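# pasting a predicted model and its sequence here:
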Amino acid sequence: LIMDDEHGIRHTASALLNRQGYSTDTACDGVEAIAMYRKALEEGQPYRAVIMDLTVPSGMGGAEAVKILRNYHPSAVVIVSSGYSDDPVIANYREYGFNGMVLKPYKVTDLANVIKDLTE
């Protein structure tokens with residue numbers, strides 16, 4: 001599941017992961033991502049991983065959404081994503097409830113490797 005407020009980024013990340021053999025769904029903010037995650041979990045088809053944009057100016061970003069998701073499903077694999085490498089959440093992602101991080105702009109190997117490392 002890829003959550004980002006920018007359509008182009010959702011599309012690019014989805015295309016990159018699809019080429020690596022992953023199937024993807026996308027959400028535009030944390031509220032939508034949490035709803036999608038809950039539905040998938042209740043249907044017995046949980047997502048292997050969630051990539052959450054740290055900052056969503058018009059809605060719930062990853063820092064807030066991961067807390068809610070952790071309360072609902074503590075073992076979820078959640079990866080924070082940002083274009084700001086100097087953000088404290090990126091530097092200390094585990095302290096904020098994330099399992100991994102990936103920087104934007106995405107590189108195919110970085111995106112695929114973080115998912116592979118955390119889910120296999």
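Everything's here; your move.

# who's in contact with the residue positioned nearest the centre of the chain?
What sits nearest the mean C-alpha location of the chain, by C-alpha atoms, centre = their mean, is residue 51, with 1.1 Å. Residues near residue 51 by C-beta atoms under 8 Å, 6 or more residues apart in numbering: 1-4, 13, 79, 81, 102, 111, 115. Where C-beta positions appear, they are placed from N, C-alpha and C, glycine not excepted.

# at 10 Å instead, please
The contact partners of residue 51, taken as C-beta atoms under 10 Å, 6 or more residues apart in numbering, are 1-4, 9-10, 13-14, 17, 24, 26, 33, 62, 77-81, 98, 100-102, 106, 111, 114-115.

# ok, residue 117 next?
Residue 117 makes contact with 99-100 under the criterion C-beta under 10 Å, 6+ apart.

# now it: how far from residue 102?
11 Å (C-beta to C-beta, to the nearest Å).

# before we move on, what about residue 77?
Distance, residue 77 to residue 102, using C-beta to C-beta: 13 Å.

# now the common contact residues for those two.
Common contacts of residue 77 and residue 102 (C-beta under 10 Å, 6+ apart): 51, 114-115.

# can you add secondary structure and pLDDT and give the residues you listed back as JSON lines?
Formatted as JSON lines, the shared contacts of residue 77 and residue 102 follow (DSSP: H, G, I helix; E, B strand; the rest coil; pLDDT from 0 to 100):
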{"residue": "51", "secondary structure": "strand", "pLDDT": "98"}
{"residue": "114", "secondary structure": "helix", "pLDDT": "95"}
{"residue": "115", "secondary structure": "helix", "pLDDT": "93"}
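
# which SS class is residue 58?
coil (DSSP: H, G, I helix; E, B strand; the rest coil).
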